[in-house]
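# model the following, please.
(one chain, ligands or ions: 2)
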Amino acid sequence: MAHVLIIEARFYDHLNDLLVAGARAAIEAAGHTHETITVPGALEIPGAIALGIGTDRYDAYVALGVVIRGETYHFEIVAGESARGIMALTLDGIAIGNGILTTENEAQAIARADPAQLDKGGGAAHAALAMLALRDRLG
Ligand SMILES: Nc1c(NC[C@H](O)[C@H](O)[C@H](O)CO)[nH]c(=O)[nH]c1=O
Ligand SMILES: CC(=O)[C@@H](O)COP(=O)(O)O
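Ligands and ions are numbered 1, 2, ... in the order given. This is a model prediction of the structure:
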């Protein structure tokens, strides 16, 4: 049994609730346990994962957040740098599923976050567990 840390960037409450519900359901359905921590925005997620790694308490990580394009270049920074930070950690062999949505508008985000639709939170949890299984096999 694995213990998974869910890190949610709670920038849009209603969208985050959907992502977290999907991720928790997927982890529980696979017979694993989880904890959830909250950070202000997607840019804080890689740092929070790094702190989690330092505790040695978690087998895998699920990063959840929503970045919706605004009027400025800020979207590119938040979307790109959060993904870059997560990718850097995965290259160190950390099992992470990236469920940070990067969308043009709220409607796109709802369709992707909703467990009854595209369920990207559940998908990120599956990815984290798949990488954990791969690390156990190859690592
Ligand atoms: N615009 C969005 C952000 N921006 C906030 C940053 O992630 C960060 O918290 C801030 O710059 C302080 O370091 N975060 C999201 O998760 N989603 C957004 O749409
Ligand atoms: C992540 C974003 O692009 C958004 O929340 C910020 O909006 P803006 O570019 O209008 O400041």
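# tell me the spacing between the residue in the chain that ligand 2 sits nearest to and ligand 1.
With Cβ to the nearest ligand atom as the measure, Gly70 is the residue of the chain nearest to ligand 2, at 2.0 Å. All C-beta spots, glycine's among them, are computed from the backbone N, C-alpha and C. Shown here: Gly70 relative to ligand 1, a distance of 7 Å by Cβ to the nearest ligand atom, to the nearest Å.
# so which residues on the protein come close to ligand 2?
Residues of the chain found near ligand 2 (Cβ under 6 Å from any ligand atom) are Val67, Ile68, Arg69, Gly70, Glu71, Thr72, His74, Phe75, Val78.
# what comes up buried for the longest helix along the chain?
Using DSSP state H to define each element, the chain has its longest helix at helix 120-138. Using 16 or more other Cβ atoms under 10 Å as the test for burial, helix 120-138 gives Lys120, Gly121, Gly122, Gly123, Ala124, Ala125, His126, Ala127, Ala128, Leu129, Met131, Leu132.
# same deal with stretch 10-29?
10-12, 15-16, 18-24, 26-27.
# over to the most centrally placed residue in the chain. Which of the three states is it?
Centroid-nearest residue in the chain, with Cα atoms, centre = their mean: Ala63, separated by 1.7 Å. Secondary structure, DSSP: H, G, I helix; E, B strand; the rest coil: Ala63 is strand.
# hmm, who's touching the strand or helix carrying Ala23?
Using DSSP states H and E, Ala23 sits within helix 13-29. Residues from elsewhere that reach helix 13-29, judged by Cβ atoms under 8 Å, 6 or more residues apart in numbering: 4, 6, 8-10, 33-34, 36, 62, 64-66, 99, 101, 106, 109-110, 113-115, 119-126, 129.
# sweet, I'm off.
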